[in-house]
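1. got a structure for you, letters missing:
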């Protein structure tokens, strides 16, 4: 017989929250990349893809979109109490995450090799933005895997990892509206707000992962922009680009 009561109601609400966050992130990515990728061939005057749709770009799109779909599937499996399948898919997610970091790094460096920077930004300086995002993603995923026996930590770390990937998609519908690049990072961090509200509502306080992981995401934005044009970072960027030539 199904049980009911405050505890089961809380679990259902929590499952709806994390599933809803997965859907919101998926929608943000689909909207962001619709004109330059997902719906590009269906538009009468498609927006040019800045790097060209090379095989590497297609792999990049497949892996990163697959991650968001997998995040949604994993959330629904937890809601359906299929933790056995959730754990098995978790092993595939770990492999997928490793591939994403590798391919994502290659795509980011390739953009600099081609001299492509968003909206006139120096490609060498801009390189820190995607590489920092990939680094945060990797840190959160590794921490999430290590915390897989602690559901509250695990699900928050995986959510933060997915939020860390949002800026490129958000940039594609924020920057054309005339906003400056820093606004992209601000909008991306707004996806933390529902998690903060959920914690305060459900726990009466922030979960440590929400607090410290969220702060890391927030602080990383201005830190990236501050370092982007320093001599030290440009030297690192030139070294990375040199490895691709």
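-> That came through fine. Since the model is a prediction, treat every value here as computed from it, not as a measurement.
2. just the helices in this protein please.
-> Under the criterion DSSP state H, helices of the chain are mapped to 6-33, 55-79, 83-113, 123-126, 128-146, 151-163, 167-174, 181-189, 193-202, 208, 214-227, 231-244.
3. okay, the ones you listed in TSV with mean neighbour count and distance to residue 39 next?
-> To be clear about C-beta, it is placed using only N, CA and C from the backbone, and glycine gets the same treatment. Formatted as TSV, the helices of the chain follow (neighbours: other Cβ atoms under 10 Å; distance: least, Cβ to Cβ, whole Å):
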stretch	mean neighbour count	distance to residue 39
helix 6-33	16	9
helix 55-79	17	13
helix 83-113	16	20
helix 123-126	20	26
helix 128-146	20	23
helix 151-163	22	22
helix 167-174	21	12
helix 181-189	18	21
helix 193-202	15	27
helix 208	11	40
helix 214-227	16	29
helix 231-244	13	30
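4. what would those helices look like in CSV with mean pLDDT?
-> Shown next, in CSV, are the helices of the chain (pLDDT from 0 to 100):
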stretch, mean pLDDT
helix 6-33, 88
helix 55-79, 91
helix 83-113, 93
helix 123-126, 90
helix 128-146, 95
helix 151-163, 96
helix 167-174, 86
helix 181-189, 86
helix 193-202, 95
helix 208, 97
helix 214-227, 93
helix 231-244, 90
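5. can you list the ones you listed in JSON lines and add distance to residue 42?
-> Shown next, in JSON lines, are these (distance: least, Cβ to Cβ, whole Å):
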{"stretch": "helix 6-33", "distance to residue 42": "13"}
{"stretch": "helix 55-79", "distance to residue 42": "16"}
{"stretch": "helix 83-113", "distance to residue 42": "23"}
{"stretch": "helix 123-126", "distance to residue 42": "29"}
{"stretch": "helix 128-146", "distance to residue 42": "27"}
{"stretch": "helix 151-163", "distance to residue 42": "27"}
{"stretch": "helix 167-174", "distance to residue 42": "16"}
{"stretch": "helix 181-189", "distance to residue 42": "26"}
{"stretch": "helix 193-202", "distance to residue 42": "31"}
{"stretch": "helix 208", "distance to residue 42": "45"}
{"stretch": "helix 214-227", "distance to residue 42": "33"}
{"stretch": "helix 231-244", "distance to residue 42": "33"}
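6. quick one: which of these is nearest residue 40?
-> helix 6-33 (8.8 Å; Cβ to Cβ).
7. Without its sequence neighbours, what residue ends up closest to the residue nearest the centre of the chain?
-> Centroid check for the chain by Cα atoms, centre = their mean gives residue 165 as the closest residue, at 1.9 Å. Spatial nearest neighbour of residue 165, chain neighbours left out: residue 137 (5.9 Å); criterion: Cβ to Cβ, 6 or more residues apart in numbering.
8. how far away is that neighbour from residue 15?
-> Distance of residue 137 to residue 15, given as Cβ to Cβ, to the nearest Å: 24 Å.
9. How about residue 236?
-> 42 Å.
10. In contact with the nearest residue to residue 13 once chain neighbours are set aside, which residues are there?
-> In space, and not counting its chain neighbours, residue 13 is closest to residue 202: 7.4 Å by Cβ to Cβ, 6+ apart. For residue 202, the contact set (Cβ atoms under 8 Å, 6 or more residues apart in numbering) comprises 10, 13, 14.
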